[in-house]
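Colleague: just the structure for this:
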Amino acid sequence: MTKRIVVTGIGASSGIGGTAQENWDNLLAGVSGARTMEHDWVEQYELPVNFAAEAIVRPDQVLARHEAKRLDPSSQFALVAAREAWADAGAPEVESERLGVDWATGIGGIWTLLDAWDTLREKGPRRVMPLTVPMLMANAPAGNLSLQFEARAYASTAVSACASSTESILNAYNHMQAGLADVVIAGGSESAIHPITMASFAAAQALSKRNDDPATASRPTAVSRDGFVMGEGAAALVLETEEHAKARGAKIYAYLVGGAVTADSYHITGNDPEGKGAARAVRQTLEMAGASADDVTHINAHATSTPVGDPNEFVALQAVFGDRIREIPVAATKAATGHLLGGTGALEAVFTVLALKNRTVPPTINVDEQDPEVPFLITPKPAELGAGDHLAISNSFGFGGHNAVIAFRNA
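Modeller: Numbers count the residues shown, from 1 in each chain. Predicted structure coming up:
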């Protein structure tokens with residue numbers, strides 16, 4: 001028998017807010033998180049892109065000093081978001097053996113890794129920290145969350161580039177369906193705004209180069225889009241079986257009703273221009289949700305603001321929804337937050353849940369002229385989702401040809 005899975009807590013930190021509520025409020029207000037970076041290394045390395053959507057609240061401002069110094073920033077952000085979500089869920093009483101962690105990252109502890117390399121080269125092996133590997137490893141956020149919350153059912157890590165945290169949420173769903181846990185902390189984190197990633201993405205022509213106007217640089221679906229904006233942060237969702245949540249009288253934000261992952265097997269960085277893998281992920285998600293394409297009333301699009309990626313996503317969704325895709329309210333929230341890579345799917349899941357809860361479609365900012373090849377139904381201002389039952393999907397697509405889609409119903 002399929003278990004009903006509910007969202008009972010949310011937490012988030014990004015370039016537009018230090019909490020889930022701040023993120024939502026600033027998203028609706030049309031705030032952009034992209035700003036010129038004030039780091040010596042920007043000028044030192046003559047980076048061609050000097051802006052990003054850095055987290056507005058630094059995790060070391062929230063965490064105790066002894067916690068922060070033992071964690072890479074990717075794990076710091078994870079702890080901040082997960083603690084918020086756990087408190088928001090009312091700190092559920094659950095046996096440790098029935099509490100799991102499904103967490104994700106796309107790149108992991110790059111700051112720890114490269115700082116350690118600098119230390120080795122400049123000061124020798126004796127000065128390299130003994131905690132270097134436990135801090136840089138991709139599963140460090142999941143492991144630290146397991147320690148923090150005494151989650152002993154399991155602690156799992158998804159690493160599938162920009163699809164990572166959407167996949168982690170689907171993994172949580174499947175783990176609970178399999179009976180491995182009653183409560184799961186799911187999400188993702190990323191802190192990869194580093195000279196080497198900025199230089200690499202810029203060299204690949206993936207980043208916007210609007211150094212003169214960072215706030216409007218991310219322009220999903222716009223004719224003038226020229227690349228994505230790097231973001232950072234984390235988002236967490238506390239997921240529970242409906243039975244467990246109702247037994248303790250928990251508030252319910254929404255129902256997680258399905259999801260799917262597929263692979264393009266097309267190109268290591270580019271997605272399939274025919275969108276076959278992405279379309280298949282959407283269809284499988286709807287099948288798991290017991291729904292049809294006609295039931296979908298809102299979409300949080302991956303929509304990174306790249307010249308190729310945005311139209312390819314439209315092609316994929318048109319294959320599923322037909323001409324109706326032009327009538328479904330779509331939000332492209334990376335215009336505000338930038339692209340959190342492995343953390344972006346979890347943040348957009350939070351936005352999707354809040355869109356259902358508040359019956360409000362978030363705006364898509366910075367679209368001066370919409371590309372006729374990407375004619376999603378977007379709005380520069382918040383729009384009413386309307387009364388009745390709603391089904392929303394959230395898409396994430398990553399380097400390597402990874403496609404991940406999840407679906408929520410309103411509570």
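Colleague: C-alpha from now on. contacts and neighbour counts both.
Modeller: Fine.
Colleague: where does the stretch 251-400 of the chain dip in pLDDT?
Modeller: Within the stretch 251-400 of the chain, no stretch has pLDDT under 70.
Colleague: so what's Arg70 up against?
Modeller: Leu131, Met135 (Cα atoms under 8 Å, 6 or more residues apart in numbering).
Colleague: separation between it and Ala192?
Modeller: 18 Å (Cα to Cα, to the nearest Å).
Colleague: do the same with Glu240
Modeller: Applying Cα to Cα, the value for Glu240 to Ala192 is 30 Å.
Colleague: the two - which one has more neighbours?
Modeller: With neighbours defined as other Cα atoms under 10 Å, Glu240 and Ala192 compare such that Glu240 has more, 31 against 25.
Colleague: bridging residues for the more buried one?
Modeller: Using DSSP bridges, the beta-bridge partners of Glu240 come out as Val6, Val183.
Colleague: from memory it sits against Lys3, does it?
Modeller: No: assessed by Cα atoms under 8 Å, Glu240 is found out of contact with Lys3, at 9.8 Å.
Colleague: may I ask which helix or strand encompasses the residue positioned nearest the centre of the chain?
Modeller: The geometric centre of the chain, computed from its C-alpha atoms, lies nearest to Thr344 (Cα atoms, centre = their mean), at 2.0 Å. Taking DSSP states H and E as the criterion, the element that holds Thr344 is helix 344-358.
Colleague: which parts of the helix or strand where Leu113 lies are buried?
Modeller: Taking DSSP H and E as the criterion, Leu113 maps to helix 110-123. Using 16 or more other Cα atoms under 10 Å as the test for burial, helix 110-123 gives Ile110, Trp111, Thr112, Leu113, Ala116.
Colleague: over to stretch 99-110?
Modeller: For stretch 99-110, the neighbour count (16+ other Cα under 10 Å) marks Leu99, Gly100, Val101, Asp102, Trp103, Ala104, Thr105, Gly106, Ile107, Gly108, Gly109, Ile110 as buried.
Colleague: how about stretch 337-356?
Modeller: In stretch 337-356, counting by 16+ other Cα under 10 Å, buried: 337-356.
Colleague: distance from it to the middle of the chain?
Modeller: Centroid separation for stretch 337-356 versus its chain: 4 Å, with Cα atoms, centre = their mean, to the nearest Å.
Colleague: ok, now how distant is Ala289 from Met176?
Modeller: Distance of Ala289 to Met176, given as Cα to Cα: 15 Å.
Colleague: the two: who's more crowded?
Modeller: Taking other Cα under 10 Å, Ala289 and Met176 do not tie; Met176 has more neighbours (24 against 18).
Colleague: the helix or strand harbouring the more buried one vs helix 344-358, what angle?
Modeller: Using DSSP H and E, Met176 sits in helix 164-177. Going by axes from the mean of the first three to the mean of the last three Cα atoms, to 10 degrees, helix 164-177 is angled at 70 degrees with respect to helix 344-358.
Colleague: who are the packing partners of helix 164-177?
Modeller: Counting contacts by 3 or more Cα pairs under 8 Å, 6 or more residues apart in numbering; DSSP states H and E, helix 164-177 packs against strand 99-104, strand 154-158, strand 183-190, strand 254-263, helix 344-358, strand 391-398, strand 402-410.
Colleague: Glu122 is nearest to which of the ones you listed?
Modeller: strand 183-190 (27.1 Å; Cα to Cα).
Colleague: can you name the next helix or strand after the closest one?
Modeller: As assigned by DSSP H and E, the chain's next helix or strand after strand 183-190 is helix 195-203.
Colleague: Val261 is in contact with Gly401, correct?
Modeller: No: here Gly401 lies out of contact with Val261, judged by Cα under 8 Å, at a distance of 10.4 Å.
Colleague: for stretch 50-60, C-alpha coordinates in CSV please.
Modeller: Written as CSV, here are the backbone C-alpha positions of stretch 50-60 (Å, rounded to 0.1, in the frame of the first residue of the first chain):
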residue,chain,number,x,y,z
ASN,A,50,32.8,39.4,-10.7
PHE,A,51,29.3,38.8,-9.3
ALA,A,52,27.2,36.0,-7.8
ALA,A,53,24.2,35.4,-5.5
GLU,A,54,26.1,34.8,-2.3
ALA,A,55,24.1,33.8,0.7
ILE,A,56,22.9,36.9,2.5
VAL,A,57,23.4,35.4,5.9
ARG,A,58,26.7,33.7,6.4
PRO,A,59,26.4,30.4,8.2
ASP,A,60,29.2,31.2,10.6
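Colleague: quickly list the domain ranges of the chain.
Modeller: Using automatic domain parsing, the domain parsing of the chain gives 5-247, 259-410.
Colleague: would you list those domains in TSV and tack on distance to Tyr253?
Modeller: Formatted as TSV, those follow (distance: least, Cα to Cα, whole Å):
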stretch	distance to Tyr253
domain 5-247	5
domain 259-410	6
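Colleague: nearest residue to Phe351 other than its sequence neighbours?
Modeller: Trp24 (6.9 Å; Cα to Cα, 6 or more residues apart in numbering).
Colleague: where does the one you found land in three-state SS?
Modeller: When classified by DSSP: H, G, I helix; E, B strand; the rest coil, Trp24 comes out as helix.
Colleague: just give me the neighbour total for it.
Modeller: Trp24, neighbours per other Cα under 10 Å, totals 18.
Colleague: what separation do you get for it and Ala355?
Modeller: 9 Å.
Colleague: now Pro372
Modeller: According to Cα to Cα, Pro372 and Ala355 sit 26 Å apart.
Colleague: kindly report the same for Trp111.
Modeller: 34 Å.
Colleague: got a pLDDT number for the closest residue in space to Ala206 that isn't next to it in sequence?
Modeller: Excluding the flanking residues, the one nearest Ala206 by Cα to Cα, 6+ apart is Gly227, at 5.1 Å. Reading off the confidence values, Gly227 has pLDDT 98.
Colleague: contact partners for the residue found closest to Gly30 once you drop the neighbours it is linked to in the chain?
Modeller: If the residues on either side of it in the chain are set aside, Gly30 comes closest to Ile365, at 6.2 Å by Cα to Cα, 6+ apart. Ile365 is in contact with Gly30, Thr216, Arg219, Ala335, Ala336, Thr379, Pro380, Lys381, counting by Cα under 8 Å, 6+ apart.
Colleague: identify each buried residue in stretch 264-271, please.
Modeller: Taking 16+ other Cα under 10 Å as the criterion, stretch 264-271 shows Asp264, Gly270, Asn271 as buried.
Colleague: right, I'll call it a day here.
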